[in-house]
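> Predicted structure and sequence below. I'll ask about it afterward.
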Amino acid sequence: MPSQILFFLLFAFFGLSSATIYWKMPQGDEMSNPMMITQHQVNKIYAAYWDHDINTLFSLLRFGTPMSRFIEDHAEDEIHVRVKSAEYYSSNNQQGIKAILTIEDVSATGTTPYLVKMAMAQDYKSPTGYIVFLWEICSNLECE
């Protein structure tokens with residue numbers, strides 16, 4: 001009898017330990033859509049910022065990136081972020097998503113649009129499975 005319980009506990013432990021880290025992501029086909037994953041990442045970043053959850057915030061984006069400074073500099077403004085395009089990439093043993101975002105910064109003085117290039121790499125420590133490592137405001141409409 002004890003060996004059956006031990007077997008059951010081992011089975012449960014190994015079954016749970018191999019579970020995917022994407023359980024908090026959108027469900028179904030949306031889970032493989034890089035645009036949905038990117039929008040989810042941005043939403044989680046802003047939620048962590050507004051909840052003052054610094055540990056979660058910096059598990060979603062690297063400390064000191066221009067994105068963290070942008071969020072802090074525009075904390076008083078209303079920000080609307082939309083994913084314009086996103087695609088998977090793979091290079092040098094790193095996989096992730098590259099995306100172009102449109103951001104509307106609505107402040108007391110008016111609305112300022114931004115076009116932003118963002119890249120995320122897979123990261124098992126992140127609650128979404130990705131961490132933002134590149135975030136730069138584009139100097140032209142092609143975002144090259």
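Cool, the structure landed. Keep in mind that what you see is a predicted model, and the values were worked out from it rather than measured. Numbers count the residues shown, from 1 in each chain.

> Could you use CA atoms for every contact and neighbour count after this?
Noted.

> which element is the most centrally placed residue in the chain on?
What sits nearest the mean C-alpha location of the chain, by Cα atoms, centre = their mean, is Q41, with 2.7 Å. Q41 is part of helix 34-50, with elements assigned from DSSP states H and E.

> mind listing what's buried in the very next helix or strand once past that helix?
Later in the chain than helix 34-50, the nearest helix or strand by DSSP H and E is helix 54-60. For helix 54-60, the neighbour count (16 or more other Cα atoms under 10 Å) marks T56, L57, F58, S59, L60 as buried.

> Downstream of helix 54-60, the next helix or strand is which one?
Immediately after helix 54-60, counting by DSSP H and E, sits helix 66-73.

> what's the closest non-adjacent residue to K117?
For K117, ignoring the flanking residues on the chain, the nearest one in space by Cα to Cα, 6 or more residues apart in numbering is I100 at 4.7 Å.

> right, I mislabeled it, should have said A121
Nearest non-adjacent residue to A121 (Cα to Cα, 6+ apart): G96, at 4.2 Å.

> Name the residues that touch stretch 124-135?
By Cα atoms under 8 Å, 6 or more residues apart in numbering, the list of residues contacting stretch 124-135 from outside reads 21-22, 24-25, 41, 56, 59-62, 65-67, 96, 116-123.

> circling back: show me what counts as buried in the helix holding Q41.
Within helix 34-50, judged by 16+ other Cα under 10 Å, the buried ones are P34, M35, M36, I37, T38, Q39, Q41, V42, K44, I45, A48, Y49.

> Test my guess that the fifth one contacts E87.
The reference is to T38. No - T38 lies out of contact with E87 (Cα atoms under 8 Å); the separation is 9.5 Å.

> Pull up the overlap in contacts between those two.
Listed contacts common to T38 and E87 are I97, A99; contacts here mean Cα under 8 Å, 6+ apart.

> Now do the contacts for the residue nearest to the centre of the chain.
Counted by Cα under 8 Å, 6+ apart, Q41 has contacts L60, T128, Y130.

> Which pLDDT value belongs to it?
Looking at Q41, its pLDDT stands at 95.

> Okay, it and P113: tell me how far apart.
As judged by Cα to Cα, to the nearest Å, Q41 and P113 stand 20 Å apart.
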